[in-house]
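Novice: Next one to model:
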Amino acid sequence: MDRRGFIAGSGAVLLNGGLYTANNSAPSAEPDDVITAAYYFGNFHVDPRNEEAHGVGWTEWNLVKAATPRFPGHDQPKVPQWGYGDESRPEVFEKKIAAARQHGVDALLFDWYWYEDGPFLNGALYNGYLKAANVKDVRFALMWANHDWIDMHPAKMQSPGKIQFHGGISRKAFDTMCERVVELFQQPSYLKLNGKPYFSIYELFRFVEGIGGLKQAVEALDAFREKARAAGFPSIHINAVTWGVKLLPGEAQVTNLPQLLRELAIDSATSYVWIHHAQLAHTATTEYGDVRHKYETYRDGASADLGCMYFPNVTVGWDATPRTCQTDNFRVGGYPFTSVVVNNSPQAFEEALRSARQFALGRLPPGNRLVTLNSWNEWTEGSYLEPDTEHGSAYLEVIHSVFKSSSKRTEAGNREVAGPEAPSKYRKVGMSANVKPERIDVSQNTVFGELQLIRC
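Specialist: Model (predicted):
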């Protein structure tokens, strides 16, 4: 994403000025269930802000299609098995919901954007998911992606991206946003933990900064909770995304995060992606196992360090090169010119899932056992569960293998999804299957030879 961290009557909700009502009941969960929730990045449909910046009809699929190998052995482009679908169409989203339900993904955590002048990238949720015929089969929640939106679609090596929309918003804008959020809480399929709607904030420091300071932030969140109580909920389960490694340009690092979490009465913390807790190599590739080890070291001490519940995260991979200008010779630098995570496979992902499930069962109380997944569809950051032409649905199938015993599945949720069978053997992602990954030095002073690439 351009992006975050380096990198936002019962059953009724206002959709683009109209009223949409969902009467279906949400899937239920037993208190001992481990809930799997995959982040969803909704930039694969046409949005007026993107059209103004990039031209009529632009979506992030443009970058996926234009991706090329950036160094020897680099496996790009990635090709979606379902094609380059418009996620704002209900029939397209119905396939996503069916696949999620079939394979054990219980909820989608939408990267939900709301800036000072209003919403951005809401078509996937409002027009795709909420209008899908099978919306009841998979729950949803919001992660307010309140980071600065920076134009890096694609990014030039030596040109800092322009900030298009600032993540910090005023109290007036925040109150308006909260009214819309509480309307969404009333959707039957909204994810709740012990009766409280789950709402995650991506950048706490940005929220505090924009609203005018800690005292003002406390007051704003208290008012938000009161709005939820007035709508009939016991309160809100407010989650904070935390990290230790800055990713996006302009990110700041909170110096006393435990105190901030305590002052804001944050209920839990989680992570968006492993590399927020693991410095990538200064070479073209970084081993998946190395990143996992660094992340799990952070995970195991996070609750004690932060002073609140911590929900474990499992990340599919990392390859942000589709967001780089394909005519620039590639060298490792700032986002998105980052090292590519390699030797991430469905088998390695499965092992990480089992570790996260054991953590949730052993460290989290019943009713609050959640595992976040990065991600359902981060195609331009190389971390997606959606089927591609290399692995089919293998990543989804290992989620079912690990979590099927801890989550109820309905007969409707087990419907087949069109597409070829998943490979019987696991293969690597991130590098060509015919090339053994090498640790290639691509430091700031080294570039590869000229390549015939699509021009920016």
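
Novice: what packs against the helix or strand where Y113 lies?
Specialist: If you go by DSSP states H and E, Y113 is part of strand 107-115. Here strand 107-115 touches strand 35-40, strand 118-120, strand 139-144, helix 171-185, going by 3 or more CB pairs under 8 Å, 6 or more residues apart in numbering; DSSP states H and E. Just so you know, the C-beta spots here come from the backbone N, C-alpha and C atoms, and that holds for glycine as well.

Novice: who does it pair up with?
Specialist: strand 35-40 (parallel), strand 118-120 (antiparallel), strand 139-144 (parallel) (DSSP bridges).

Novice: Just want the angle from the helix or strand where S355 lies to strand 35-40.
Specialist: Per DSSP H and E, S355 falls inside helix 346-363. Helix 346-363 and strand 35-40 are oriented at 130 degrees to each other (axes from the mean of the first three to the mean of the last three CA atoms, to 10 degrees).

Novice: what does the average pLDDT come to for helix 346-363?
Specialist: Mean pLDDT, computed over helix 346-363, is 98.

Novice: Stretch 302-319 now?
Specialist: On average, stretch 302-319 scores 97.

Novice: could I get it in PDB with only the CA atoms?
Specialist: Extracted C-alpha coordinates of stretch 302-319, given in PDB (Å, rounded to 0.1, in the frame of the first residue of the first chain):
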ATOM      1  CA  ALA A 302       4.400  -8.500  23.000                       C
ATOM      2  CA  SER A 303       1.600  -8.900  25.600                       C
ATOM      3  CA  ALA A 304       4.000  -8.300  28.500                       C
ATOM      4  CA  ASP A 305       5.800  -5.500  26.800                       C
ATOM      5  CA  LEU A 306       2.600  -3.700  25.600                       C
ATOM      6  CA  GLY A 307       0.500  -4.400  28.700                       C
ATOM      7  CA  CYS A 308      -2.500  -5.700  26.800                       C
ATOM      8  CA  MET A 309      -3.700  -8.800  24.800                       C
ATOM      9  CA  TYR A 310      -1.800  -9.400  21.600                       C
ATOM     10  CA  PHE A 311      -3.300 -11.200  18.700                       C
ATOM     11  CA  PRO A 312      -0.700 -13.200  16.600                       C
ATOM     12  CA  ASN A 313      -0.200 -12.500  12.900                       C
ATOM     13  CA  VAL A 314       0.800 -14.800  10.100                       C
ATOM     14  CA  THR A 315       2.200 -13.300   6.900                       C
ATOM     15  CA  VAL A 316       2.300 -15.000   3.500                       C
ATOM     16  CA  GLY A 317       5.300 -13.200   2.100                       C
ATOM     17  CA  TRP A 318       6.700  -9.900   1.000                       C
ATOM     18  CA  ASP A 319       7.500  -8.500  -2.500                       C
END
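
Novice: List the buried residues in that stretch.
Specialist: Neighbour-count burial for stretch 302-319 flags 302-303, 306, 308-319 (criterion: 16 or more other CB atoms under 10 Å).

Novice: can you list the weak-confidence ranges in the stretch 101-250 of the chain?
Specialist: 244-250 (pLDDT under 70).

Novice: That one: strands as residue ranges?
Specialist: Using DSSP state E, counting those that start in this stretch, the strands of the stretch 101-250 of the chain run over 107-115, 118-120, 139-144, 149-150, 163-165, 192-193, 196-201, 237-241.

Novice: With distance to F359 and mean neighbour count added, can I get the ones you listed in JSON lines?
Specialist: Conversion of the strands of the stretch 101-250 of the chain to JSON lines gives the following (distance: least, CB to CB, whole Å; neighbours: other CB atoms under 10 Å):
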{"stretch": "strand 107-115", "distance to F359": "18", "mean neighbour count": "26"}
{"stretch": "strand 118-120", "distance to F359": "34", "mean neighbour count": "18"}
{"stretch": "strand 139-144", "distance to F359": "20", "mean neighbour count": "24"}
{"stretch": "strand 149-150", "distance to F359": "33", "mean neighbour count": "24"}
{"stretch": "strand 163-165", "distance to F359": "35", "mean neighbour count": "17"}
{"stretch": "strand 192-193", "distance to F359": "17", "mean neighbour count": "20"}
{"stretch": "strand 196-201", "distance to F359": "18", "mean neighbour count": "24"}
{"stretch": "strand 237-241", "distance to F359": "16", "mean neighbour count": "24"}
